[in-house]
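# generate coordinates for the sequence data below:
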Amino acid sequence: MTQPILGILTLYLNDFGALEERAIYQKMTIEGKKLGLQLFVFTPQDVNYNKNRIYALFYDPETSRWSRKWTNFPHLIFDRCRIQKSHRYEQLLKFRSKYSHLRFLNRPLRNKWAIHSILSKDAKLSAFLPKTRFIEKTQDVHDMLRIHSLLYLKPVNGTGGRGILRIEKGKDGSLLVQGRDQLRRIVQPKRMSSSQLDSYLSDWNLKETRYIVQQGIQLKLRNGRVHDYRLLVQKDGSGQWRITGCAGRVGAPGSITANLHGGGRAVKFDQLLGEWFQDDQKISSIKADVERFGIEVATYLELCYSALCELAIDIAIDKRGKVWMIEVNPKPAREVFIRAGERDVYRNAIVKPLEYAIWKFQQKENIVKTNKQADRE
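Sure thing, here's the model as predicted:
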């Protein structure tokens, strides 16, 4: 049988060829070789559109070196590209449009607001969603504050905790506003009146940047730090959605988010749940809810958006044990598991997309073989 070839599509971080996940791609190459899968890495900049050839990056596990060579298009493409404000992202859109007929393991999802809107149409999943509105004007924020005493304001295309604001209304009606700017730097807490909020928010360009306002969930531990959970759902080697793992994240002091890139730390799922609840039966019930929810979200989004192979779902669990969805990340990082000491989960998170790629390749090969036999008959 033909050896399957997987091309990992990514974007350079700058004009000097820096790759964000180079170490992960090295590990994927090593694991792929064990499975009989060849890998290379490329970006839209590396494609010759006239000859349909790629000047790709290949990693050699024996020499621990990267090298380039011209190659044909792979059998399958694993799209790991994240949103950038750059000419490189414009090249990506051109690539996706021109080569949309190729076999991708995953197709791009849309922004936070679009995903929320899609999920809210499903009766089972909508119960897990915090109340959310798209911000057309600051009055939308005031309207939400009349209903919810805690809000989060998020850019629809933001990642890693960038540009997020937290607004908490006190019993006296005053507002405590804090957050992180676009460089993830902590914005120091500031107390203000409701009438001062408009002026404060004008500096954040909510309409131009495109923000949502979302019902906040109280997630502060006894030490005052916020926490949440990263749930990884992936396709396996039989094409089925499975829960690969779930890890807790505890935010840095003074942070309104628990993101690792913002200084948060990773904790094992059971350990963090044990700090939040002391009831083993309740913890067991919550874990079952989390797993069921993760599979349902992945299955539903794939129906709406076509091919997907993995999703990270950031969730919150309130003091009653109710599971809330914070957001969905279609291009998840994996380091939360290694930082939490979950080495087996970390390895599985790397291997599962490769096993799924082989399964998908074999499915296609079997169809071709069946068609050839039918033609002969």
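
# and the lengthiest helix in the chain, how far out from the chain middle?
Longest helix in the chain, counting residues (DSSP state H): helix 343-376. Distance, stretch centre to chain centre, for helix 343-376: 24 Å (CA atoms, centre = their mean, to the nearest Å).

# so residue 66 is in which element?
Secondary-structure assignment from DSSP states H and E places residue 66 in strand 65-71.

# may I see the buried residues of the longest helix of the chain?
By neighbour count, with 16 or more other CB atoms under 10 Å as the criterion, the buried positions of helix 343-376 are 345-346, 348-361. In short, each C-beta sits where N, CA and C put it, glycine included.

# before we move on, the earlier item: packing partners of the strand holding residue 66?
Identification of packing neighbours for strand 65-71 by 3 or more CB pairs under 8 Å, 6 or more residues apart in numbering; DSSP states H and E yields strand 53-60.

# what average pLDDT does stretch 311-322 get?
When pLDDT is averaged over stretch 311-322, the result is 95.

# list of residues touching that stretch?
Counting by CB atoms under 8 Å, 6 or more residues apart in numbering, the neighbours of stretch 311-322 from elsewhere in the structure are 217-219, 228-234, 273, 276-277, 282, 285-286, 290, 293-294, 297-298, 301, 323-330, 332-333.

# that stretch: which residues count as buried?
311-317.

# what subset of the contacts of stretch 311-322 is buried?
So, of the contacts of stretch 311-322, 217, 219, 228-234, 273, 276-277, 286, 290, 293-294, 297-298, 301, 323-330, 332-333 end up buried under the neighbour-count rule (16+ other CB under 10 Å).

# the nearest residue to residue 83 once chain neighbours are set aside in helix, strand or coil?
Nearest-residue entry for residue 83: residue 157, 5.3 Å, with adjacent residues in sequence omitted and distances by CB to CB, 6 or more residues apart in numbering. For residue 157, the reduced secondary structure class is coil; criterion used: DSSP: H, G, I helix; E, B strand; the rest coil.

# so what's residue 157 up against?
For residue 157, the contact set (CB under 8 Å, 6+ apart) comprises 83, 111-112, 210.

# nearest to residue 249 among those?
Compare each of these with residue 249 using CB to CB and the shortest gap goes to residue 112, at 18.1 Å.

# list the residues that contact the spatially closest residue to the closest one that is not a sequence neighbour.
Closest residue to residue 112 apart from its sequence neighbours, by CB to CB, 6+ apart: residue 156 at 4.8 Å. For residue 156, the contacting residues are 111-114, 134, 210-212, by CB under 8 Å, 6+ apart.

# before we move on, what about residue 108?
Taking CB under 8 Å, 6+ apart, we find residue 108 in contact with 79, 81, 96, 305, 330.

# repeat the analysis, applying 7 Å as the threshold.
For residue 108, the residues meeting the contact criterion (CB atoms under 7 Å, 6 or more residues apart in numbering) are 79, 330.

# for it, give me the pLDDT.
Looking at residue 108 specifically, the model assigns a pLDDT of 91.

# how many other residues sit next to residue 183?
For residue 183, the tally of surrounding residues (other CB atoms under 10 Å) stands at 7.

# that's a helix at it, yeah?
No - secondary structure assignment places residue 183 outside any helix; it is coil (three-state DSSP).

# once you drop chain neighbours, what's closest to it?
Nearest residue to residue 183 in three dimensions, chain neighbours excluded: residue 162, at 7.3 Å (CB to CB, 6+ apart).

# cool, residue 308 as well?
residue 302 (4.5 Å).

# does that neighbour sit in a helix or strand, and which one?
When the helices and strands are read off by DSSP H and E, the one containing residue 302 is helix 280-305.

# so how far is residue 215 from the residue nearest to residue 83?
Residue 157 sits 20 Å away from residue 215, taking CB to CB, to the nearest Å as the criterion.

# got a pLDDT number for residue 209?
On pLDDT, residue 209 comes in at 88.

# my error: substitute residue 369 in the last question.
The predicted local distance difference test score for residue 369 is 67.

# now residue 372
In the prediction, the pLDDT value recorded for residue 372 is 65.

# kindly report the same for residue 20.
What the model reports as pLDDT for residue 20 is 88.

# that one contacts residue 13, correct?
Yes - taking contacts as CB atoms under 7 Å, residue 20 lies within contact range of residue 13: 5.5 Å.

# wait, what's in contact with residue 79?
Taking CB under 7 Å, 6+ apart as the definition, contacts of residue 79 comprise 9, 104, 106, 108.

# so what's it bridging to?
Per DSSP bridges, the residues bridged to residue 79 are residue 9.

# and the gap between it and residue 97?
Using CB to CB, one gets 13 Å for the distance from residue 79 to residue 97.

# helices of the stretch 51-200 of the chain, start to end?
Counting by DSSP state H, counting those that start in this stretch, the stretch 51-200 of the chain has these helices, from start to end: 87-98, 112-119, 123-126, 139-145, 194-202.

# winner for burial among the ones you listed?
The densest packing among the helices of the stretch 51-200 of the chain, expressed as mean neighbour count by mean count of other CB atoms under 10 Å, is seen in helix 112-119 with a mean of 19.

# quick one: low-confidence parts of the stretch 201-350 of the chain?
Residues of the stretch 201-350 of the chain meeting the criterion pLDDT under 70: none.

# tell me where it has helices.
Along the stretch 201-350 of the chain, counting by DSSP H, counting those that start in this stretch, helices occupy 206-209, 269-276, 280-305, 335-339, 343-376.

# with distance to residue 87 added, can I get the ones you listed in CSV?
Putting the helices of the stretch 201-350 of the chain into CSV (distance: least, CB to CB, whole Å) gives the following:
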stretch, distance to residue 87
helix 206-209, 20
helix 269-276, 40
helix 280-305, 26
helix 335-339, 28
helix 343-376, 28
